[in-house]
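J.: Okay, sequence plus prediction incoming.
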Amino acid sequence: MNAKIIDGKAIALEQRAMIRAEVSELVERHSLKPGLAVVLVGEDPASKVYVRNKEIATRKAGMESFAHRLPANTGQEDLLALIEKLNHDSGVHGILVQLPLPDHLDSQTIIEAIDPRKDVDGLHPVNAGYLLSGQKGHVPCTPKGSIVLAKSAASDLTGMEAVVVGRSVLVGKPVAQLLLNENCTVTIAHSRTKNLEDVVGRADLLVAAVGRPEMIRGDWIKKGAIVIDVGINRVPDPQEEGKHKLVGDVAYEEAIEVAGAITPVPGGVGPMTIAMLLANTLDAARGQFQGNPD
Ligand code: GUN
């Protein structure tokens, strides 16, 4: 094995400790306790786990957590009314609507109803526009965490050939923009890309965000490359009948022989997402504070 394993869990814990210290200072000096509202509609098992983890992490950071669990048949108007209420609630600095929403709800309309200052997911078009135009706004959590991990392996990404596999609004597009801000030469590859293997082989820094288990093979990867695997795929465990395990979009056991540094799944990008959500909530609280938070 050649690759340095990027320990996302440890880095996320460090970040969370820093955030907790800053929250504690805000509470002491300004009586400002950042508050995060998380909205879950329906009973999707994975979403329920994510929301529970977000609640626990928020409280551990010393912030206020407001969870809204709504039945799967909640109507669009009722959900919009809740968002409107949260937009005007001065104790709520961040709002996150857990995705995916049930099919009868229009996710885009819901996201656009969130006050952009409280959109700690960074999904509102205003925040997407800020990212594109190089202005300060909320950046989506998984892309932001991916950059922190890449920079833990190489503090300066300037001049690197970065290849992002995947063009989703949640990960691929924002992570490409962030890499551009880090002065990388960025290629976004996707399901229609010709000669994907060759394109991946150019990468000094590879971000895999396609949602296909172990699609990217070890022999596609350039020797010494930094590999950030955003994929979280649940597949049957070949070791234990009837059990499942999580794998990334990269064939990990092959990739560790070639890469210079790589994130594992689980324990890589996943834990960073919550840490970045807390960071965005802290920023949001500071931004909405009327006085001078410094
Ligand atoms: N579901 C999976 N990832 C995310 C995310 O980053 N934000 C929200 N709101 N829902 C998700």
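T.: Happy to help now that I have it.

J.: Every contact and neighbour count from this point should use C-alpha atoms.
T.: Noted.

J.: Could you identify the helix or strand that succeeds the helix or strand residue 28 falls within?
T.: Using DSSP states H and E, residue 28 sits in helix 8-30. Once helix 8-30 ends, the next helix or strand along the chain (criterion: DSSP H and E) is strand 35-41.

J.: Tell me the strands beside that following strand, with direction?
T.: Next to strand 35-41 in the sheet, as set by DSSP bridges, lie strand 64-70 (parallel), strand 94-97 (parallel).

J.: Check the gap between the closest residue to residue 288 other than its chain neighbours and residue 275 for me.
T.: Of all residues not flanking residue 288 in the chain, residue 93 sits nearest, at 7.2 Å (CA to CA, 6 or more residues apart in numbering). Distance, residue 93 to residue 275, by CA to CA, to the nearest Å: 16 Å.

J.: hey, where'd the helices end up in the stretch 101-250 of the chain?
T.: Here the stretch 101-250 of the chain has its helices, by DSSP state H, counting those that start in this stretch, at 107-113, 125-133, 141-153, 172-181, 196-201.

J.: The stretch 51-200 of the chain against the ligand: which residues are in contact?
T.: With CA under 6 Å from any ligand atom as the criterion, the stretch 51-200 of the chain meets the ligand at residues 96, 97, 98, 99, 121.

J.: In contact with residue 39, which residues?
T.: Counting by CA atoms under 8 Å, 6 or more residues apart in numbering, residue 39 makes contact with 67, 68, 69, 70, 95, 96, 97, 98.

J.: What's the PyMOL syntax to select whichever of these are buried?
T.: Of the contacts of residue 39, the buried ones can be selected in PyMOL as follows, counting by 16 or more other CA atoms under 10 Å:
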select buried, resi 67+95+96+97+98
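
J.: hmm, which two among the contacts of residue 39 are most spread apart?
T.: Spanning the widest gap among these are 70 and 95, at 14.9 Å by CA to CA.

J.: What's the separation between residue 174 and residue 226?
T.: Distance, residue 174 to residue 226, using CA to CA: 18 Å.

J.: can you check residue 256 too?
T.: Distance of residue 256 to residue 226, given as CA to CA: 10 Å.

J.: out of these two, which sits in the busier spot?
T.: Between residue 256 and residue 226, counted using other CA atoms under 10 Å, the more crowded position is residue 226 (28 against 23).

J.: I'd guessed that one sits against residue 201; true?
T.: No. Applying CA atoms under 8 Å, one finds residue 226 not in contact with residue 201, separated by 11.8 Å.

J.: residue in the stretch 151-294 of the chain nearest to the ligand?
T.: Residue nearest to the ligand within the stretch 151-294 of the chain: residue 170 (6.5 Å; CA to the nearest ligand atom).

J.: List the beta-bridge partners for residue 236.
T.: Residue 236 has these beta-bridge partners by DSSP bridges: residue 244.

J.: Mean pLDDT added to the strands paired with strand 35-41, as CSV?
T.: Shown next, in CSV, are these (pLDDT from 0 to 100):
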stretch, mean pLDDT
strand 64-70, 98
strand 94-97, 98
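
J.: for the closest residue to residue 36 other than its chain neighbours, what are its contacts?
T.: In space, and not counting its chain neighbours, residue 36 is closest to residue 94: 4.6 Å by CA to CA, 6+ apart. By CA under 8 Å, 6+ apart, the contact set of residue 94 is 35, 36, 37, 117, 118, 119, 120, 280, 281, 284, 285.
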